[in-house]
Every structure is written in C-alpha cells, then in structure tokens.
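K.L.:
Need a 3D model of the sequence below.
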Amino acid sequence: MRTLVYKQTHSDDPDDSGQWGVYDCMRSVRAWDYEAVIGVGGLGELATKWDIACKLTWVGIGPRKLEVQGMVGPLVTFDHFWYKGANGPESRQEAPRLAELMYEGGARTVMNFTDEVQAEVDAIVGKYMTADPSSARQVESVLVSKSCVRSTHF
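P.N.:
The predicted model follows:
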C-alpha cells in the first residue's frame, strides 16, 4: 500500500475526529497520492513539548480529500483512523528501521522505502486496518476553529 510517513512537530492536526489539515499543516503534502498516512513525532523542541517525540502518533487509511477554499492542501478524512498522540507507542519499538530512517536519516516525509522498511510500514498499516472511520464534521466548523486558533496555536 502506498504510504506517506511524516514527522509531526505538534498534536491537534489531525484533530480528534480524524480530520487532517484543520490547521493546514503539511499543506500541499496532504494532496500527494497515497493510500495511507503514518504520523510519527519528531525530535525537536515542539514535539518534545507536545510529548510526541519519537512516538507513533496516528495512522489514517483510505484518504478522502476535500478541497477547501483558503487552504493550501485538502482537508483529509480516512476510512480507518487510529490516533494516540502522546499516548502512542515508541516508534523505535514499533518499527526500528523506519525510526532509523526518520530520525537518523533526517527525513521529514517519505514514501519510498527499502524492502525491510516497507515491511514495517505494511505491518503498521495492517495493524490498524480495522480502526474506526474518522468522522467528517462540517467544513464550516473547521474553518471557524482554524481562524480562531491558528494564530495562537503554536
């Protein structure tokens, strides 16, 4: 399955309902061609502040993209969505080769993997294939929350 893996610097995007892009984070990356997304916490000061550093934070499978005026990338919901944020497992324990690529290789976003890393990515995606779907709230509520919170969110 074509999977995007990226390092997060903060929580809240995707939000608790499984909408990715509520703060327009990862902007045009959300429009890329993928079938699943894995979010892992980064190593920096913000990821540490949000308590997501080096954690597997979320997995979305089966993206549904909605173009929203005023946003650089689409708003994305998923057929299957699993979110743990700060309570997620350590990514080095869950997928050591993927963690090495993301943390020691300095990658921010990755979609092409060695066979060994692809096997770990596939295992993560397979583990969460039965997660509940993300809920699609009204787009207007996303835009209202984005405009009210974005300037002070980070």
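
K.L.:
can you map out the strands along this protein?
P.N.:
With strands called from DSSP state E, the chain shows them at 3-8, 36-41, 56-66, 75-83, 109-110.

K.L.:
now the angle between strand 75-83 and the longest one, please.
P.N.:
The reference is to strand 56-66. If you take axes from the mean of the first three to the mean of the last three CA atoms, to 10 degrees, strand 56-66 sits at 150 degrees to strand 75-83.

K.L.:
distance of residue 91 from residue 72?
P.N.:
27 Å (CB to CB, to the nearest Å). From N, CA and C alone the C-beta is placed, and that goes for glycine too.

K.L.:
Now do the contacts for the most centrally placed residue in the chain.
P.N.:
Centroid-nearest residue in the chain, with CA atoms, centre = their mean: residue 39, separated by 3.5 Å. Applying CB atoms under 8 Å, 6 or more residues apart in numbering to residue 39 gives the contacts 5-6, 8, 14, 56-59.

K.L.:
Now with 6 Å, please.
P.N.:
Shown in contact with residue 39 (CB atoms under 6 Å, 6 or more residues apart in numbering): 8, 57-58.

K.L.:
most neighbours, which of these?
P.N.:
residue 58 (27 neighbours; other CB atoms under 10 Å).
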